[in-house]
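Student: My questions concern the predicted model and sequence given below.
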Amino acid sequence: CDDKLDISNPNRQTTSDFWQTQSQAMAGCNAIYATLIIDGTYTRMTPALSDGRGDDVTGDSPWPDLVQVSNFTIPTTSGPVQWIWADYYRLIWRANQVLENTVDIEMDEALKNRIIGQAYFLRGLAFFKLANFYKIVPLVLATPKTPDDYYPTTATEEELWNQIYSDFQQAKDLLPDSYANVTGPDAGQIGRATKGAATGMLGKSYLYRKEWQKAADQFKELIDGGLYSLVDDYRDNFTDGNENNSESLFEVQFADPSQVGGTVMNWGGDPAANWKQASAQACTYSMDGRGYSDFLPTQWIYNEYKLEQTTDGKSDPRLLATIASYEPDDNSTKVYGDAWPYASDKIYPRKYTNDGKAGYVNEYDLNSGINYRVLRYADILLMYAEALNELKQTAAAYPYIQQVRDRANLPDLATTKPNMTQDEMRDQIAHERALEFAIEGQRINDIIRWGWFYDADKLAALKAHDADFNLWSAGNEYLPIPQGELDVNKKLSPNPAN
Amino acid sequence: YNGTLAQRKSMKNIYVTVHVQNRPIKDVFHEIEKATGLHFAYNNINLKATDSLSVTADKKDLATLLGEIAGKTDLRFRRINDNIHVTRVEESKEATPPVEEVTQRTVTGQVTSSDDQSPMPGVNIVVKGTTVGTVTDADGAYTIDIPNDDAILVYSFIGYQTLEATVGTQSTLNISLKADITALDEIVVIGYGSQKRSDLTGAVAIVSSNEIRKYATNDIAQLLQGRAAGVAVTSDGQPGAFPSVRIRGIGTFGDAEPLYVIDGVPIGTTPRDFNPNDVESIQVLKDASAGAVYGSRAANGVVIITTKQGKKDQPLRVEYNAYYGIDKVWQHMPVTNRVQYQMLNNESQLNGGGTMAPGNDPTSPLFIDDIDTDWQKVGLETGVRQDHNLNFSGGSKTSTYNLSLDYLNNQGTFVGNGPSFDRYAIRVNSTTEKGIFKIGESLYYTHSHENALTNSAAFLNGNRPPLINDLLMAIPTMPLYDPNREGGYGGTSSNIERAIVINIPGLNSLVKNYTDVDRIFANVYTETKLLNKNGHRINYKLNLSYDKTFARDFFFQPVLDLGFFFQSAIPRLDEATRMYTTGLVENTITYQKNFGRHGIDFLAGQMYQSGSTVVQGGHTESLTSPYYPVLDNGSNKSASGASYRNTLSSFLGRLNYNYDDRYLLTATIRRDGSSRFAPSNRYGNFPSVAVAWKLHNEKIFQLPSFIYELKARVSYGELGNQSIGDYLYAATINPNLSYNYSGQKVTGSTQTALVDPNIKWESKVTSNAGLDISFFNGKIDFTVEYYRNKTKDVLVGVPIPASTGSNGNPVVNAGSLQNTGFEFTVGYHKKTGDFTFDISANAYTLKNKVLSLGGFDEPVYGVGSKTQVGSSIGQHFGYDVEGIFQTQDEITGHAFQNAGTSPGDLKFRDQLTVDTNGDGVPDAADNVINAEDRVYLGRALPNFYYGANFSAGYKNFDLTIFMSGSTGNVINNWTYRLLMHTTDYMNYHEDALNRWTPTNTNTDVPRLVTGDPNNNGGDNNRKDWLQDGTYLRINTLSLGYKLKDNLVKGLTNSRVYITCQNLYTFQKYKGYNPDFTTGVWNPGFDAGSYPKPRTIMVGVQIGF
C-alpha cells in the first residue's frame, strides 16, 4: 500500500528539481518583474500612497485609507500600508531565490550575469521603496531555510542604505546598457533593467542620503554617456503611446489585456495564469464618472504651473499633461472625448490616465496599459543640478535645469533668475521638481529629504499648499510599520509613524 | 340436574343440599361435585387430614355455601367455567375474595417482533387487572384463558413497547411488538458495527429520529442543532448553505468539521447533497473510544447517519410526506430614512472639514428630496419552502427494500435571482440474504440547483459580500429603478450622492450566479457467515463504495451600470466544473463468542480510500447583446484547471469484552497511512480503551429498586486530523507569474509560497467519564459526561511575517489546545394513557484553552480578536473605552490619542505598559494611546449551550416545542458597526441619531466625523460594539393531528400538521443570528450573516 500513498503533485513542479537550467534561471528572473505589477507595488498603492502624502495631491476617496494617508493619520492597521510592505518583500524573496540559485547553474555566463544583475537591481529598488515608505525595515538578504529565518530584526537606516548602494552597484557592474545587442533569450527585450537604470538609481540613492559628490558622479556618467535624452512631448512619459522612450531609464511594464491577455485583475494573492497585467492607477485617479477619483491635485500645484508662461505666452504644457482642467484658452474643454461635465474650476489628475486616448470612455474595467516611469532622464538632470548646487556649484546647475525647462518651452532661467544663491537655487529646484514630477510619487520623498517637515517656515508653507498637512504630527510623514507585522514578528521595531 | 345448565349458571343460582358431619373436606367437595356437575381442582394444595368439617345446607346457593366453608377454613375458591379452583389464603400474596367466579375461554396466538417478524419467546402476557398470565414459548406461541370478551391482554417484553389488546370475539390473537427505541437495548450504529445502547462504553450522542422528522430542513446537519449535548450547529439562513458543526468545541485551528459517515461510508466532502428525509437515525461519536475506529479523521468527532431500510415480511407500504411553507425575515433593522440620513451625513462631513454631498445639500440644485427608498422593504420578500417525499418500502422473508423520491424547493427571501435551492433525490436501499450470504446496497442520486447570492470580485470591487450588509447600508436617496442606467436599476454617482453603495435588488436581478450539483453515492456490501458453530461466529464483510460529485458553477454578468463603483462595460461569463470522486474498499471480519459469563466481540479490518478533485473553468468576455451566455461566444477567453488526489490506507482492530453483563471493555486501534504527508511522517496510530460498569447488574450489592439502570464508564484514547490540502509538504514552483517586455508577454516561475516539509498528523488525546442512570423503569433517564480533549501538533497556516515574501502561511504543526466540558442529558417519558409526553433536554459547558501556538508562541490576531496562550481562541481584543470627551481640557489632560481628537470622541484608557522598576510588570502608562493599549474585551465563544424538546400527545393530537440556545459570549457585530459608521456615505442605524453633539452630551455614541481621526470606529468595547450573545430560539412549534386509520381504505399512520420554525429568538444581540458562522481566529466576529427566516408551514404524512 505504500506505493499507493506516494502521490506526486500533478499540477506543479517541486522546488527540488527546479533551478537546474538556463531557462529556469530566466523564468525566475521574470518572476521578480511580475512582482512589480501587483497592488502594493506599482499597480496601485505605490503611486497612491506616495502621491497622496505630497502637497501636490490630496485624498478625495470614499475609501478612508486613501484620505488618511493624505492627511498623515493612516492607522497602523491599514490594508494598503500592509500591501506595500508585503509586496516589496515578495519581490525581495523572489530576487533572493534568483541570487542564491542562479550562481550554480551551468549556463551562458553573460546571461547569468545579466540575470543576477537584474535581481540585484530589483532588490535594490524594493529596499529603496521600503526605505522611503517606512524609514527603517529589516534587511532580508537570503531565502528562509528554517522557521527561525521568518523573523528578521529591523536594520538601521545606515545598514539599509548601504545595502541599497551595494545592490545598485552590483547591478550596475553586471547589467548591459541595453538588450538590443545581447544574445540569448532576453535579446531585444525592452523593459529589463539596464546599466543606466542601475546607475540612475544608485545616484538617486546617494542623493537621498545627501552623498552629493557620489550622486553627482553617477549622474554625470549618465549625462556624458549620451544614451538618454528628453522626449519632445512631455506627455509621452505618461501614456501608452510612446513607452520605453529615450527619456526612460526604467519603467514598469503594464499592458492592456488585448495585448497580453488576462481576465482577473492583478491585485495580488498567489499569481495565476489568468491575471491581467493592467495598472489600476488610471481608474483610481481618474475623474468622477470616469474612474474612482480617489485623489485630486491641489489648487496650489495648479497655481504653481500658472506662475510662469512659456516663451510664446502660453500655459506651461505640463499643466494639462498633469491635470485635467477646463482651459478653453489652451483648447482643453473635454474629458474622455466628451464635453467638460464639471464645474469649470474643478480639477482632476490626468497624468497616467487614458483621458484623450481615442475610443476610451472610462476606466472602470481596469484595463489601463500605461507603463509606470520609475526613473526618467528629466530626473537625472534635475538631481544633477541639485547635487551641483549642494556642492556649491550653483552656477553650473543652470544648464541642466534649463534642459528640462526648454522642453516645457519656459524662458531661460539664467536670464530670468540669474546668479541665484545656493538657497535660492534650492527653492528653484524644489519648484522645478514640483512641476516636472507632480503626481509622480516624488514630492513626499523630496519634502522628507529636504527636511521641510521639521523646518517651521517650510511646514507652514506646506500647510498653506495643502490643508492635509495640518494633521501631520512628527514621524507621520512615513507610513507606519503594519500592525499585523509587528504583532507577528516581535523582533521587528516600530518606526516613528507607529 | 342439568350439568350444562349448571355450567351456565352463576353460583348464586345453583342450589345444593348437603349434609355432612366431621368429614374430610375432600368428601364435602365430592358431595358438591355430585350435586352440581362442577369440578373442584385442588392439585396444587395439600388438603390436610385435619381439614375436616361439618356442613349443613338445604337448597343453599353454592356461592353462600362456599363462602361459609371459606369462613371455617383458610381455603379460597375461584370458579372458572365448570372448575372450582381451590387455594390456600397464605399462598396468595394479595387479598383474594373467599369465593370468586369467572367465566373463561381460551385464546391462542403468536407474538412476533415488528422489526423482522421473528417469533419472540419469553414475552409476558397477563390478563389486565388479574394475576392470570403466561409466557410465550420458543416459537412465540401462547395459550391463555380469559374471563370474558372484555378482557384485555397485556404483552410486555424488555426492550419493547408494552402492548395492550382487547380480545373481543377473537379466539386467535397474533401480536407484533415494537421495539422501544428509548429503551436501553436500542441498537446503536457505531463505526463498523452496532451495539446495544446499554453496552456502550464511549460517548455517543443519539439523536431521536422521531423528533428530527418534525423539523423541516434542507440539510442533515441542521437536524443536529440543539439535539445533542456537545454538538454546536451554527448556520445562517441562506438556502443551500451548509452549516458549520462543532463537536465538543473548536479542537483545532484548522478544519474543525466532523467526519460524516453515511451508511458506513466516510464521505470526503460535506453531506450537503443528502436528503434529510432519508435519515433513519443519527449518532454522534464524541470521544476516542467511539471514534478511534475512524482514526486519522475522527478528531473533530464523527457523525454517523443511517438511512431508512425496508422491513422483512412487510407488504408494500407507500408513504407520502409533504410540506409547504412560507419564509419571512422577521427581524427588521432600524435604519435611518432620507431626512435622517442626510442630516447625519452632512453633520459628519462638516465635522470632518469636508463638504456636504450635493445630493444631501439642501442648497444644491442636485439635492435629493424625492427619493426615500426603504431597502429592506424593496429588497426582501416572502420566500417559499416545500418538500415532497414518496417512500416505498417492504420486504419478503429474505429481502427488504426502500425506495424514496424527494423534491425540495426553497426560494429565499431576497428579491432577485437568489438565494434559492432546489433538490431532486432518489434513493434505493435493499438487502437480500440466502444461507450464509447477505448482500445489500444503497444507491443515491441527487441533482440540485442553487442560486447563491452574487459574489464576484471581478466587478464587485472591494470584496462586497455579505450582501445583506450592502442591503442595509444602501442609502435611502438611491432610487430602486433608473431607466437611464444600463440594466434599469438605480445607482449613485460620485458627484451627487458620493456613496459607494450597491442596489442589491438590482444586482441580484441582473447577475446570474448558480451552481448545479449532481451526485451519485453508491455503496454495495456483502456479508458472509463463515462460521456459526458451538457459539463461535465469524462474519466477513466486504464494503465497496463510490461517491462522485459533479458541480457546475455558472456566473454571468451583463453590461451593467449600478452607479459609481459598480459598473462594467464588459459582460463576463464564467463557467466551471468541479468533480470530486471518492472510492472506498473495506474488508472487515468479526468474531463473536460467548462462553460462560464472558462475551467477546472482535473486529479486524483493512481499508483503502482514494479521493480526487478535478476543477476546470472557462472564462469569456465581451459577449454581445442579446446575450447567449455560453463559452463559445465572446472574446478574451481563458481556461483554468487543476487536479488533486489523495489516498488513505488503514488497518483496524477492535475488541469488545463483556463479563457477566456487568463489566465492559472496549479496546480499539487504527493505523492510517496518508498521502498528504511526507513518507517519514505518513503513518499514525490511534489507540483507545474504555471500560464500563453496569452497577444495576452488580451482584455484590443491590441498588434501590427505583434505579432501573446505572452505568459508569471511562475512556481514553487518541484521534487524528489530516484535514488539510493535498501536497502541502512539498514546496512547488508557481509557473504563472506573467509580465511583459514592451507588450510582449512572458511568464516567470518561482517559489511563491513557503511550506513546512515536516508536517505530520494533528492528534487529539481525549479522556471521557460518563454516568448513565435511569429511574422508574426507564421513565426518567439522565446522562452526565465530563471530557478533556487535548489537541497537539495542530495543522494550520499560522500567520508568519509578510517580510518572508510568502503568499499565504505555510501549514505547520503549530500549537495545541484543550477543550473541557460537562454534558448533561435528561429525559422524562410518559407513555401510557390518553395523554403522553416526552421531555428531553441537554446542556453542556465548554471551556477552550490555547496551550501553545507554535513558533515563538506569538499571539495570532484576527478581526478584533487575539488568540494567545493560556486563554481561549479569538478573544475580543481592542481598546478600553472610558467614556466620551466633553471638553478640549479633558483631551489635553488625557493621554495623547490623535491630533484630530475633539470633544465627542471616545476616550480610550491608557493602559499600564511601562515597567519603571524593572520587575517585569508594567506599572505605568506611557501617556499615549497606541496599539500597546489594546486589551482583552470579552469572551468570543459561548461557554454554555442548551436545548430542550417537549412533545406531547393527547388522543390524536400531538404538540412539539423545541428550543435551543447558548450563552456566555459577546459578539463583534460587524453589520451594526457598518451602520454606526462615521466616515462613509452609507445609511445609519437609528442608534446613530443619539450621537454626541454639543447639545446631546449625555450619550455613549461618539460624534460623527468623516475621516474618524480618533478611530472611534476601531475595535473597542464601546457600548454595543460588542453585544451579548445570549439567546434562546424557539426552533419549532408544531401541532399535529393523527388521522384515523382506514379513514380512506388502507390509510394508516397518517398525520397532518402545522409547524412554525424559527418562531422567535430571545436575544439582546442587534444583528440577525447570534449563531452565525465564522472563521477560526475570530469566532466572535459576525461579518453579517443572512437572516434566518421565520417559516410557517403545513404538512401531511400519509401512509398506505
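Tutor: Sure, I can see it. Residues are numbered from 1 along each chain as shown, chains lettered A, B, ... in the order given.
Student: Check what pLDDT the nearest residue to B:P266 once chain neighbours are set aside gets.
Tutor: With sequence-adjacent residues excluded and distances taken as C-beta to C-beta, 6 or more residues apart in numbering or on different chains, B:P266 is closest to B:L259, at 5.7 Å. To be clear about C-beta, it is placed using only N, CA and C from the backbone, and glycine gets the same treatment. Predicted confidence (pLDDT) for B:L259: 93.
Student: correct me, but B:L259 touches B:N300?
Tutor: Yes. If you go by C-beta atoms under 8 Å, B:L259 and B:N300 touch, sitting 6.9 Å apart.
Student: first vs last residue of stretch B:750-761, how far apart are they?
Tutor: The straight-line separation of the ends of stretch B:750-761 (C-alpha to C-alpha, to the nearest Å) is 28 Å.
Student: Okay, B:I570 and chain A: tell me how far apart.
Tutor: From B:I570 over to chain A the distance is 5 Å, taken as C-beta to the nearest C-beta, to the nearest Å.
Student: where's that residue, which helix or strand?
Tutor: Per DSSP states H and E: B:I570 is located in neither a helix nor a strand.
Student: ok, now B:K711?
Tutor: strand B:707-721.
Student: Send me that strand as CSV with only the CA atoms.
Tutor: In CSV, the C-alpha atoms belonging to strand B:707-721 read as follows (Å, rounded to 0.1, in the frame of the first residue of the first chain):
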residue,chain,number,x,y,z
ILE,B,707,-32.9,2.7,39.9
TYR,B,708,-33.5,0.9,36.7
GLU,B,709,-30.1,1.3,35.3
LEU,B,710,-26.8,2.8,36.4
LYS,B,711,-23.7,2.6,34.3
ALA,B,712,-20.4,4.2,34.9
ARG,B,713,-17.8,4.5,32.1
VAL,B,714,-14.5,6.0,31.3
SER,B,715,-12.5,6.1,28.1
TYR,B,716,-9.1,7.3,27.0
GLY,B,717,-7.5,7.5,23.5
GLU,B,718,-6.0,9.3,20.7
LEU,B,719,-7.6,10.6,17.5
GLY,B,720,-6.2,12.3,14.4
ASN,B,721,-6.8,15.0,12.0
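Student: what are the phi and psi values for the residue of chain B found nearest chain A?
Tutor: Scanning chain B for proximity to chain A using C-beta to the nearest C-beta identifies B:G805 as nearest, at 2.7 Å. When read as degrees, to the nearest 10, the backbone of B:G805 gives phi 90, psi 0.
Student: list the contacts for it?
Tutor: A:A86, A:Y89, A:R90, A:L91, A:I92, A:W93, A:R94, A:V140 (C-beta atoms under 8 Å, 6 or more residues apart in numbering or on different chains).
Student: Specify which member of these is nearest to B:V127.
Tutor: B:V127 has its nearest neighbour among those in A:A86, at 85.1 Å by C-beta to C-beta.
Student: State whether the closest one is indeed within a strand.
Tutor: No. According to DSSP: H, G, I helix; E, B strand; the rest coil, A:A86 belongs to no strand; its state is helix.
Student: circling back: tell me the strands beside the helix or strand following the strand holding B:K711, with direction?
Tutor: As assigned by DSSP H and E, the chain's next helix or strand after strand B:707-721 is strand B:734-741. Here strand B:734-741 is paired, per DSSP bridges, with strand B:744-750 (antiparallel).
Student: Could you pick out the residues of the stretch 751-900 of chain B near chain A for me?
Tutor: Applying C-beta under 8 Å from any C-beta of the partner chain, one finds that the stretch 751-900 of chain B approaches chain A through B:751-754, B:756, B:799-808, B:812, B:855-856, B:858-859, B:861, B:898-900.
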